[in-house]
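[1] How does the following fold in three dimensions:
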Amino acid sequence: MSFEGTIAAAPGQAEASSGAFRSSTPRHLTPAWLLSTLLVLAAILQQCVIGLDADVSWLLTVGERVLDGQRLYVDIFEVNPPASVLIYLPGIAAARLLGVSAELGTAALIFILAGVSIWGSARLLLHAGILQRGRHAPILCCAAFAFVLLPGACFAQREHVALLTLLPFMAVLGVRMKGRSVALAAGFLAGLGAGVTMAIKPHFVLAVAPMVLFAMWRRRSISVALGPEVGAAAAVVLSYALLVVAIYPIYLTDALPLLNAVYIPARSGYAEMLLSPHRILFLAAFVLTAVVGQERLVRSFAILPFLAAAGFAAALLMQGKGYLNHAYPAVALAVLALAIILMERQADRGRRRAGGLALVLLAGLSVYVFLAVTSYAELARTVERVAPPSPRIIVAGSNLSVGHPITRWLEGRWVGRRASLWATGTGVRLLSEPMDAARRALIEAYVEEDRRIFVEDIARGRPDVVLVPGVHGMQWIASHPEVAGAMKSYRTAGSAQDVFILVRRPGL
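    Numbering: from 1, shown residues only. Got it, this is the predicted structure:
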């Protein structure tokens, strides 16, 4: 079976034959190319203004220490699997080679990855006639929006990287469903990307598997699952698992038990996640795609981003946190699926107009939601005023965003082995719930370990600045004699954004 819908095709125009991109662009499509360029420029400006978020900032710090020879999960501790750090090493290494910041190197590499991923996917779809030659600019414009501008504060997050590495695999499956062949190299590279996606987070198999299963159903054959792209993806996942066992066994013995005991059980309620703004945006785009597409959807290329969006949404629920970065892939793909179904030549004109207005509204709201994050810029300015240049910093609190990326903004040095006291904050919340004695003792042990490591880091790292979120943070210090003893050398020098700034007394 082949797709009946051809993306961005003019009525009566035949599907394009295989070949390279045409160099000429129809005059009526010039605005689409111009808009694509403006979207990319806007994304670059957006990153210059907001920078990379707390998660990425922390992982860059971890990556730098690993490249400096420190041992992951020993000298620097990250609760996530090794892929969360490994994917940032190329950007950090490139930045060092070029003499620029890790942030600039990483952001540039992500822009390049986005360009290559979108361009490579477009070539595959053009070759198969799924994208109409000479009329592909509008869909590329939508792709630039969804994968370059829309991420906003989630730019370069693991979910953003995972989505970009998955796009060529999606395109290959689209070509397979049309009954066309794919070059061995293209299939292999697309499979490597999908493997990276699943290595970043095993949950993302929920986005990959439905596409493969649907492609098998469309072709009425298991041959899709035997293609080089699926084999390459499986090989990457298996190789990564072996790497973890061989090189990072301490993750399995130290980090994973902590993850299972403290991080995973701390879930948001389903109602809270379903009613969050980003979840509502996903559901709106998802339902609109189904309504506008109706019976055409299963014969359209839009079905693949539609299914992947559902898979990423399921991964969001499985993780149980409802974080903005967890929601990004589902929202981006749902918006893209809606755009694709609206651009197909079989689409009803009335539905296209109504759907187009809804798409514009959803796109604008999505940009707003993915930029609406807390920034500690005022705190950074205050710390800069009261602390020495390039200060050594640590945080006596569980909020990752208090210490990162502020430390990097101030060209400071993070002296903690952990990103924050997240195990303490999460553990205390869990301990307020009913549980058996064995589990309570385990969580209490992890909370105590978190506190012990903090005290050791204070003594060893001698931070110039200790950031303490809220009055409850100060109370936590006072309520634990060993912490209070470690903090004797510090005085309160100011506060900003409900964070107290403690600095080391001169000569101590």
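
[2] Not counting the helix or strand containing Leu238 itself, show me its contacts.
    Here Leu238 sits within helix 228-247, counting by DSSP states H and E. Helix 228-247 is contacted from outside by 81-83, 169, 172-173, 182, 184, 187-192, 194-196, 198-199, 208, 212, 224, 251-252, using C-beta atoms under 8 Å, 6 or more residues apart in numbering. For glycine as for every other residue, the C-beta is placed from the backbone atoms N, C-alpha and C.

[3] Which residues are in contact with Leu113?
    Contacts of Leu113 (C-beta under 8 Å, 6+ apart): 161, 164-165.

[4] So which of the contacts of helix 228-247 sit within strands?
    Residues of the contacts of helix 228-247 located in strands (DSSP state E): none.

[5] Inside helices: which ones of these?
    Counting by DSSP state H, these place 83, 169, 172-173, 184, 187-192, 194-196, 198-199, 208, 212 in helices.

[6] any idea how far Leu317 is from Ser36?
    From Ser36 over to Leu317 the distance is 33 Å, taken as C-beta to C-beta, to the nearest Å.

[7] meant to ask about Pro469, not that
    Taking C-beta to C-beta as the measure, Pro469 falls 29 Å from Leu317.

[8] out of the two, which sits in the busier spot?
    Pro469 (24 against 19; other C-beta atoms under 10 Å).

[9] Not counting sequence-adjacent ones, nearest residue to the more buried one?
    Gly397 (3.8 Å; C-beta to C-beta, 6 or more residues apart in numbering).

[10] The one you found: what's it in contact with?
    Counting by C-beta under 8 Å, 6+ apart, Gly397 touches 420-421, 425, 467-470, 473, 499.

[11] Mind giving me the PyMOL select for those residues, buried ones only?
    To isolate the buried ones among the contacts of Gly397 in PyMOL, judged by 16 or more other C-beta atoms under 10 Å, type:
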select buried, resi 420+421+425+467+468+469+473+499
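
[12] List the ones among the contacts of Gly397 that fall in strands.
    Among the contacts of Gly397, the ones falling in strands (DSSP E) are 467-469, 499.

[13] before we move on, the earlier item: give the buried residues for the helix holding Leu238.
    Judged by neighbour count using 16+ other C-beta under 10 Å, the buried positions of helix 228-247 are 228-230, 232-233, 236-237, 240, 244.

[14] Please compute how far it lies from its chain's middle.
    The gap between where helix 228-247 is centred and where its chain is centred comes out at 21 Å by C-alpha atoms, centre = their mean, to the nearest Å.

[15] just stretch 176-187 next, same as before
    Taking mean C-alpha positions (C-alpha atoms, centre = their mean), stretch 176-187 and its chain are 28 Å apart.

[16] which residues are contacting it?
    1-3, 120, 124, 127-130, 168, 172, 175, 190, 215, 218-219, 224, 227-229, 232.

[17] who touches Ala102 in this structure?
    Ala102 makes contact with 60, 63-64, 88, 91-92, 95-96, according to C-beta under 8 Å, 6+ apart.

[18] returning to what we had before: what subset of the contacts of stretch 176-187 is buried?
    Among the contacts of stretch 176-187, those buried by neighbour count (16+ other C-beta under 10 Å) are 3, 120, 124, 127-130, 168, 172, 175, 190, 215, 218, 224, 227-229, 232.
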